[in-house]
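*Asks:* Predicted structure and sequence below. I'll ask about it afterward.
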Amino acid sequence: MKEYVTLSLETHLFFGRIMKEHSLFLLAGFPAKETEFIQRAERFRKEFEDGLRKTVKLADGIVSKPVLNSGEVVTEFTQKAECETRDLTGIPIDLEITEAEEQLRAGDGVIVNREIVSRVKMLNRHMLKSLNGLIAFKEEVLEEMTRCRLYTTNYPLLIEHILREAKLYRQTISEIERRGRISMPDLRNLEIFWNQIMMEHAEFIRGLLDPTECELMETANGFAEDYCRLLEAAREQDGKMMNTLTAKTLKTTQKYQKFKMAGTEGITGCGIRSIILPLLADHVLREANHYLRILEQAQKGRD
């Protein structure tokens with residue numbers, strides 16, 4: 001029961017916020033005439049905000065220290081990024097959720113009983129229902145865009161990108177519900193997935209920076225090329241050679257995380273010219289932090 005509850009809540013703390021923000025980015029990208037798409041995106045934003053709020057209330061004293069310390073739940077920039085994004089877009093954001101996340105305690109402070117298990121099970125069902133709807137919505141947006149029937153400021157590749165993340169979230173929660181735990185991850189497949197995510201982040205950053213930000217564009221392009229090579233190497237490697245590749249991926253991701261952190265500080269501090277929403281900068285930083293934790297745990301497991 002403890003593993004079921006902990007894994008569920010840790011997954012929702014990370015991915016639930018990611019889905020809430022995906023909905024916000026979709027919402028912010030639609031032109032005013034697309035009232036139906038705007039209303040649907042707002043509905044999903046509210047659903048995942050509600051799910052995240054419930055998660056935070058359940059998670060205190062249950063989730064692990066590595067997750068809370070990783071920077072994948074919130075960063076030092078999250079509150080500021082939310083305030084700025086709310087003011088820039090007019091989209092409401094519940095800042096109290098972030099404040100509560102910053103106060104979360106790790107460890108075994110709460111005894112997991114049947115009532116908590118029941119509440120987590122209800123939360124999992126709520127999130128899976130919302131996920132199924134959001135995935136279908138993203139697929140519809142992508143189809144309309146590729147058929148040139150819908151304009152949005154989001155790239156088609158970004159819609160494909162956030163679809164993959166939503167499907168991984170659904171797959172993870174479905175497995176927890178089915179088995180009560182997550183099977184031992186295949187590190188090769190995890191690296192393939194997250195290396196592609198990191199590569200695309202660099203491509204998006206490069207494309208959303210102002211053309212005058214030449215040095216940052218060049219750095220972003222360099223990371224895109226680095227992850228492209230790592231992605232190809234992971235696809236070609238067998239299990240025996242993954243140790244060396246994981247170490248190389250970890251080193252690259254540590255550098256990339258520092259680049260994203262500096263970028264988030266620059267964007268929230270109005271020191272970088274771009275069309276990147278402050279919350280998007282913090283969003284991709286949290287995903288790098290999440291991937292770093294996965295890689296670091298993999299390395300420790302092998303040492």
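*Replies:* Okay, I see it.
*Asks:* When you work out contacts or count neighbours from here on, use the C-alpha atoms and nothing else.
*Replies:* Noted.
*Asks:* Tell me the pLDDT of residue 17.
*Replies:* At residue 17, the model reports a pLDDT of 98.
*Asks:* residues contacting it?
*Replies:* 48, 49, 52, 73 (C-alpha atoms under 8 Å, 6 or more residues apart in numbering).
*Asks:* Ok, residue 104 next?
*Replies:* Per C-alpha under 8 Å, 6+ apart, neighbours of residue 104: 56, 59, 60, 61, 68.
*Asks:* how much space between the third one and residue 17?
*Replies:* Residue 60 sits at a distance of 16 Å from residue 17 (criterion: C-alpha to C-alpha, to the nearest Å).
*Asks:* next SSE after the longest helix belonging to the chain?
*Replies:* Secondary structure of the chain per DSSP state H: the longest helix is helix 114-146. Counting by DSSP states H and E, the next helix or strand C-terminal to helix 114-146 is helix 156-179.
*Asks:* which secondary structure elements does whatever helix or strand comes next after that next one contact?
*Replies:* Reading on from helix 156-179 to the C-terminus, the next helix or strand found by DSSP H and E is helix 187-208. The contact analysis (3 or more C-alpha pairs under 8 Å, 6 or more residues apart in numbering; DSSP states H and E) places helix 187-208 against helix 156-179, helix 214-236, helix 278-302.
*Asks:* which one of those helices has the most crowded surroundings?
*Replies:* helix 278-302 (a mean of 20; mean count of other C-alpha atoms under 10 Å).
*Asks:* tell me what it is packed against?
*Replies:* helix 17-29, helix 78-89, helix 187-208, helix 242-268.
*Asks:* Let me have those in CSV, extended by distance to residue 118.
*Replies:* Output for these, formatted as CSV (distance: least, C-alpha to C-alpha, whole Å):
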stretch, distance to residue 118
helix 17-29, 22
helix 78-89, 31
helix 187-208, 30
helix 242-268, 37
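*Asks:* which one of those helices is the most hemmed in?
*Replies:* helix 17-29 (a mean of 23).
*Asks:* can you pull the alpha-carbon coordinates of that helix into CSV?
*Replies:* Taking Å, rounded to 0.1, in the frame of the first residue of the first chain, the C-alpha atoms of helix 17-29 are listed here in CSV:
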residue,chain,number,x,y,z
ARG,A,17,1.6,20.1,-12.9
ILE,A,18,3.1,19.4,-16.4
MET,A,19,-0.4,18.6,-17.8
LYS,A,20,-1.9,21.7,-16.1
GLU,A,21,0.7,23.8,-17.8
HIS,A,22,0.3,22.1,-21.1
SER,A,23,-3.3,23.1,-21.0
LEU,A,24,-2.3,26.7,-20.2
PHE,A,25,0.2,26.8,-23.1
LEU,A,26,-2.5,25.5,-25.5
LEU,A,27,-4.9,28.0,-24.1
ALA,A,28,-2.5,30.9,-24.5
GLY,A,29,-1.7,29.9,-28.1
